[in-house]
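> fold the following.
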Amino acid sequence: MNVRLPISTLKGIGEKKAHLLLKLHIETINDLLHYYPRDYDVFLGIKPIATLEIDSVNFIEGYLVSTINNVKIRGLLISIGTIEDDSGSVQVTWYNQPYIKNQLKQGEKIIIKGKYIVKFGKKQISSPVIYKEEQLVDNFKLMPIYPLTKRISNKVMSGLVKAVLLDTKDQLPEFLSKEIIDSFELCPYAKAIEAIHFPASHLDMTVARKRLIFNEFFLFQLGLGLIRNDTIVTKNVYHFPVSNKVSTLLNALPYQLTKAQVKVYDEIMADLSGPNTMNRLVQGDVGSGKTIISALALLLVAENGYQGVMMAPTEVLASQHFTSFRILFESLGIRLALLTGSMTAKQKKEVYAALELGHIDVLIGTHAVIQEKVIFKDLGLVITDEQHRFGVNQREMLAGKGHYPHVLVMSATPIPRTLALIVYGDMSISTIDELPKGRKPIETHLVTANYRDRIYRFILKHIEAGRQCYVICPMVEEHEELDIEDVQTYTEHLILQMPDHINIVALHGQMKPKDKNKIMIDFSEGSIDVLVSTTVVEVGVNVPNATIMLIENAERFGLAQLHQLRGRVGRGSHASHCVLISDSKADHTKKRLGLLKESQDGFVIADYDLKTRGPGDTFGTKQHGLPEFKIGNVYDDLDLLKATHDLVKIILENDPNLEKIENAGLYNIISDFYKDQVHTISL
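Numbers count the residues shown, from 1 in each chain. Take a look at the predicted model:
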C-alpha cells in the first residue's frame with residue numbers, strides 16, 4: 001500500500017468519514033501513520049463496583065439493568081443508565097451522545113472504563129468508555145488514546161491504524177544511515193511507527209518515541225540548515241536619513257519607552273541603516289511593548305518614501321493593530337490600509353490599486369497580504385506578528401513582494417536564549433525583558449474543581465460590575481475517553497448555572513473564520529459577558545474590560561501557554577484575576593502550576609519549563625512560540641534537539657547540498673515529513 005494515497009482509498013472510509021478525518025489533518029495514509037496517540041490506557045483488571053473510590057478511574061464489568069434513558073435539561077442531553085455486578089450497582093451518564101440509547105440494550109453485559117465521581121449530588125460514572133472483552137485480553141497492556149473529533153471514536157481510529165500498519169511495513173524505508181542509528185541508539189523507523197501506536201510495554205513506547213522525536217528534530221534542523229545555506233546576505237539598498245516624524249511620535253507618547261524598548265529600538269535602527277538587510281526576531285513578554293517598536297520602525301520606513309507591511313495571524317489582531325496605528329499615525333500624514341480575507345472583492349481591489357500606485361504607506365493585514373494580487377510599489381520593511389503562527393514559506397512569500405526588504409518578526413512568547421539560537425539561528429535576536437511601569441500584576445489563583453461554584457459567584461460579581469470573563473477548556477467537544485472539560489458541554493452547563501441575562505458564547509478553532517471573527521469582535525466590543533473558548537484566544541484579542549481568565553484542566557497546558565492566556569487580562573485599569581483549576585494530585589504538577597502564582601515574568605517561567613518539565617507532560621500539551629511538533633517537545637527533549645542540531649551542522653559542513661551517496665534520500669524526505677512548519681518550505 002502506497003502511504004501517499006488519500007485516506008479515502010482505505011476500506012470503510014467513505015466521503016463523510018474522510019471529511020471527519022480531514023478535521024484532524026489526516027488526508028493521506030502517511031498522515032494516519034503519523035497521527036500519534038495523545039496518551040495510553042493501562043488495563044489493570046476489572047474492579048467490583050462496591051470497591052470503587054471517589055475520583056478513581058476504573059474498569060468495571062456488569063449488566064445494564066435498565067434501558068438507557070435520554071433526558072434534556074435546559075438544552076443539555078443526558079443519557080442515563082444503571083450497571084450492576086455481583087457487588088452492587090452504579091449510575092452511568094453520557095452527555096450529548098444520544099446514540100448510546102440505541103447502542104446498549106437492557107440486560108447486555110458490558111465493560112466500561114470511567115471516573116467514579118459525585119455530580120449533581122449523585123454518585124456516578126460520567127462519560128465512560130465502552131470496551132469489548134477482546135480488547136482487554138492482556139493485563140498491563142498499553143492501549144492508545146488518540147485526539148478525536150465528533151463521530152470518530154477511539155475504537156475506529158485504532159482500528160484504522162492497525163489495518164494500515166499491516167499493509168505498509170514495506171512502505172516506510174529507513175532514511176537514516178546505520179552509523180547515525182548506532183551512534184544515537186535508535187530503533188528502526190518502521191518499528192518505531194508500529195510501537196508508538198501499539199507498544200508491547202512502556203519501554204517499547206519510550207524507545208519508539210525517542211526515534212520519532214529524533215526524526216522530527218533532525219529533519220527540522222536539516223530543513224533550517226538548507227535554508228540558511230541558500231540564504232544570501234543581501235546589501236541594504238534602503239536609506240533612512242529622515243526621522244522627524246519618529247521624534248514627533250516619541251515626544252507625543254503619554255509614556256516613556258523602557259530601557260529594554262530603547263535598546264531593541266536602537267538595534268533595529270542600526271539594522272535599517274546598516275550595510276545588510278535586517279533579519280531580526282524580537283521576543284518580549286506579554287505587555288512588554290512590542291507594538292510601539294514595530295510602529296516606530298514602520299513610521300521611519302514610510303517617512304523616507306518606502307512602504308511597510310505587518311502581517312498578523314487573525315483578522316481581529318490585524319484590525320486591532322490597524323486601529324492602534326491609525327491613532328498613532330493620524331496627525332503624521334501616514335497613509336494606512338487594512339487588508340483581510342473577509343473584505344469584499346471591491347474593497348480588496350481598491351487596496352490593491354492604491355498599494356501598487358504607492359498611495360498606501362503602511363499595510364496591515366492577515367494572510368491576505370501575501371496573495372498574488374498584492375503588489376507593492378517599493379516595499380522596504382516586512383513585519384510578521386506572532387511569528388510562530390506563520391511558516392517560513394509564508395514569511396519568504398511576503399518578503400518576496402519587495403527587492404530584499406528588511407524583515408522583522410515578533411514573538412510574544414519568551415524563549416530561553418539557548419533554545420532561540422538553535423531554532424532561530426538564522427536571525428539576529430532582540431529581547432524586551434522589561435514591563436512598562438504602572439502595569440498592574442494579575443492575581444493568580446490555583447484551586448481544585450471543588451471551588452467551581454465559588455468561582456462562578458466571583459465571575460458573576462465581576463460581570464454585574466460591568467466586566468467580562470474568559471473561560472478556557474482544553475477540548476472543543478466532549479472526549480469519550482478523557483474526563484476533561486470541553487467548550488461545547490461547558491458552555492451549555494454554564495448557561496444553566498448563570499442568570500438568563502448573562503450572555504455566554506462558545507468559540508473554538510473549528511468554526512468558520514467569519515463566525516470566529518464576529519464572536520471576537522462582539523466580545524471586544526462588550527456585547528458578550530463570558531467567552532468560553534479553546535486556546536484560539538491566546539493571541540489576537542485585546543479586551544481591556546476583561547478581568548477574569550478561568551482555565552479548566554490547567555495541568556494539560558504548558559506554563560508558557562498558561563502565561564500567554566493569563567496575559568489576555570490585566571490590560572485595563574481594573575484589578576484582574578487568573579484562576580487555574582486542576583485536580584491533579586501530582587507534586588510536580590502542583591509545583592509547576594504554583595510557579596504561575598509566584599512569578600509573572602515570562603522569561604523565568606520559560607526557563608523553569610525548560611529545566612523541569614518531564615516527558616509525562618508531553619502528551620496532550622503544546623508549547624507555543626516554538627514550532628509545533630507532533631511528538632517532540634523542545635523543552636522536554638532539549639538534549640535531542642541539541643544533538644540533532646550538532647549532527648546537522650556536521651552533515652551540512654561536509655555536504656551543503658546533500659549530494660553525497662550516504663545522504664541519499666534525506667533531501668526528499670524533508671518535504672514529505674513536514675507540511676506545516678519549516679515543513680512548508682520548497683527545497
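
> any weak-confidence spans in the stretch 301-450 of the chain?
In the predicted model, the stretch 301-450 of the chain carries pLDDT under 70 at residues 386-399, 413, 416-418, 423, 425-426, 438.

> ok, residues contacting the host helix or strand of residue 644?
Element membership for residue 644, per DSSP states H and E: helix 638-654. Defining contact as C-beta atoms under 8 Å, 6 or more residues apart in numbering, one finds that helix 638-654 is touched by 180, 184, 210, 213-214, 217-218, 220-222, 225-226, 229, 419, 422, 610, 632, 634, 658, 660, 663. From N, CA and C alone the C-beta is placed, and that goes for glycine too.

> how about residue 434, phi and psi?
With angles defined as degrees, to the nearest 10, residue 434 sits at phi -150, psi 130.

> the residue lying closest to it once chain neighbours are set aside is in what secondary structure piece?
In space, and not counting its chain neighbours, residue 434 is closest to residue 260: 3.8 Å by C-beta to C-beta, 6 or more residues apart in numbering. With secondary structure defined by DSSP H and E, residue 260 is part of helix 259-272.

> that helix - contacts with which helices or strands?
Counting contacts by 3 or more C-beta pairs under 8 Å, 6 or more residues apart in numbering; DSSP states H and E, helix 259-272 is packed against strand 279-284, helix 290-303, strand 406-411, strand 428-432.

> list the buried ones in it?
Buried residues in helix 259-272, defined by neighbour count with 16 or more other C-beta atoms under 10 Å: 260-261, 264-265, 267-269, 271-272.

> which one of the residues you listed is nearest residue 59?
The closest of the buried residues of helix 259-272 to residue 59 turns out to be residue 260 (C-beta to C-beta; 54.6 Å).

> so the closest one touches residue 432, yeah?
Yes - the criterion here is C-beta atoms under 8 Å, and residue 260 meets it with residue 432 at 4.7 Å.

> name the residues contacting each of those two.
Common neighbours of residue 260 and residue 432 (criterion: C-beta under 8 Å, 6+ apart): 284, 288.

> so which helix or strand of the chain has the lowest pLDDT on average?
In the chain, no helix or strand scores lower on mean pLDDT, DSSP states H and E than helix 392-399, which sits at a mean of 59.

> wait, a helix at residue 255?
No - going by DSSP: H, G, I helix; E, B strand; the rest coil, the assignment for residue 255 is coil, not a helix.

> how far away is it from residue 289?
9 Å (C-beta to C-beta, to the nearest Å).

> when these two are compared, which one has more neighbours?
residue 289 (20 against 10; other C-beta atoms under 10 Å).

> which residue packs closest to the more buried one, ignoring adjacent ones?
The shortest distance from residue 289 to any non-neighbouring residue, by C-beta to C-beta, 6+ apart, is to residue 261 (5.2 Å).

> over to residue 160?
Of all residues not flanking residue 160 in the chain, residue 32 sits nearest, at 6.3 Å (C-beta to C-beta, 6+ apart).

> can you check residue 499 too?
residue 460 (7.4 Å).

> tell me, how many residues neighbour that neighbour?
17.

> kindly report the same for residue 606.
Residue 606 has 26 nearby residues by other C-beta under 10 Å.

> got the buried residues for the strand or helix carrying it?
Element membership of residue 606, judged by DSSP H and E, is helix 602-612. If you call a residue buried by 16+ other C-beta under 10 Å, then helix 602-612 has these buried ones: 602-610.

> repeat that for stretch 11-23.
Those would be 13, 17-18, 20-21, for stretch 11-23 by 16+ other C-beta under 10 Å.

> identify all contacting residues around that stretch.
6-8, 27, 32, 149-152, 160, 163, 510.

> show me which pair in those residues is furthest apart.
Longest distance between any two of those is 26.7 Å, between 163 and 510; criterion C-beta to C-beta.

> can I get stretch 82-93 in PDB, CA atoms only?
This file holds the C-alpha atoms of stretch 82-93, laid out as PDB (Å, rounded to 0.1, in the frame of the first residue of the first chain):
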ATOM      1  CA  THR A  82     -27.500   1.600  35.600                       C
ATOM      2  CA  ILE A  83     -24.900  -1.100  35.600                       C
ATOM      3  CA  GLU A  84     -24.900  -3.900  38.200                       C
ATOM      4  CA  ASP A  85     -22.400  -6.600  39.100                       C
ATOM      5  CA  ASP A  86     -22.300  -9.100  42.000                       C
ATOM      6  CA  SER A  87     -21.200  -6.400  44.500                       C
ATOM      7  CA  GLY A  88     -23.500  -3.500  43.700                       C
ATOM      8  CA  SER A  89     -24.800  -1.100  41.100                       C
ATOM      9  CA  VAL A  90     -23.800   2.400  39.800                       C
ATOM     10  CA  GLN A  91     -25.400   5.000  37.600                       C
ATOM     11  CA  VAL A  92     -23.700   5.800  34.300                       C
ATOM     12  CA  THR A  93     -24.200   9.000  32.300                       C
END
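
> residues of it that come out buried?
Buried, per 16+ other C-beta under 10 Å, within stretch 82-93: 82-83, 85, 90, 92-93.

> I'd like the average pLDDT over that stretch.
The predicted model gives stretch 82-93 an average pLDDT of 93.

> can you redo the buried residues of helix 602-612 as JSON lines with pLDDT and distance to residue 305?
Formatted as JSON lines, the entries for the buried residues of helix 602-612 read as follows, by pLDDT from 0 to 100; distance: C-beta to C-beta, whole Å:
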{"residue": "602", "pLDDT": "82", "distance to residue 305": "37"}
{"residue": "603", "pLDDT": "78", "distance to residue 305": "38"}
{"residue": "604", "pLDDT": "83", "distance to residue 305": "43"}
{"residue": "605", "pLDDT": "83", "distance to residue 305": "43"}
{"residue": "606", "pLDDT": "75", "distance to residue 305": "40"}
{"residue": "607", "pLDDT": "75", "distance to residue 305": "43"}
{"residue": "608", "pLDDT": "78", "distance to residue 305": "47"}
{"residue": "609", "pLDDT": "70", "distance to residue 305": "45"}
{"residue": "610", "pLDDT": "64", "distance to residue 305": "44"}
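
> now residue 409: how far from residue 603?
18 Å.

> what is the burial count for residue 467?
21.

> do residue 381 as well
When neighbours are counted by other C-beta under 10 Å, residue 381 comes out with 28.

> ok, residue 103 next?
Around residue 103 there are 14 other residues, counting by other C-beta under 10 Å.

> what separates it from residue 94, distance-wise?
Taking C-beta to C-beta, one finds residue 103 at 10 Å from residue 94.

> show me how far stretch 345-363 is from its chain's centre.
In terms of C-alpha atoms, centre = their mean, to the nearest Å, the centre of stretch 345-363 is set 33 Å apart from its chain centre.

> same check on stretch 586-606?
19 Å.

> follow-up on the earlier one: could you tell me which of the contacts of helix 638-654 count as buried?
180, 184, 210, 213-214, 217-218, 220-222, 225-226, 419, 422, 610, 632, 634, 658, 663.

> now, these that are in helices?
Taking DSSP state H as the definition of helices, the buried ones among the contacts of helix 638-654 contribute 180, 210, 213-214, 217-218, 220-222, 225-226, 419, 422, 610.

> farthest pair in the residues you listed?
226 and 610 (26.7 Å).

> so residue 278 sits right up against residue 271, yeah?
Yes - between residue 278 and residue 271 there is a contact under C-beta under 8 Å: 3.6 Å.

> now do the shared contacts for those two.
Contact criterion C-beta under 8 Å, 6+ apart; residues shared by residue 278 and residue 271: 406, 428.

> now do the contacts for the spatially closest residue to residue 168 that is not a sequence neighbour.
Nearest residue to residue 168, sequence neighbours excluded (C-beta to C-beta, 6+ apart): residue 1, at 5.2 Å. Neighbour list for residue 1: 29, 164, 167-168, 171 [criterion: C-beta under 8 Å, 6+ apart].

> show the average pLDDT along the helix or strand hosting residue 560.
According to DSSP H and E, residue 560 maps onto helix 559-566. Helix 559-566 shows a mean pLDDT of 87.
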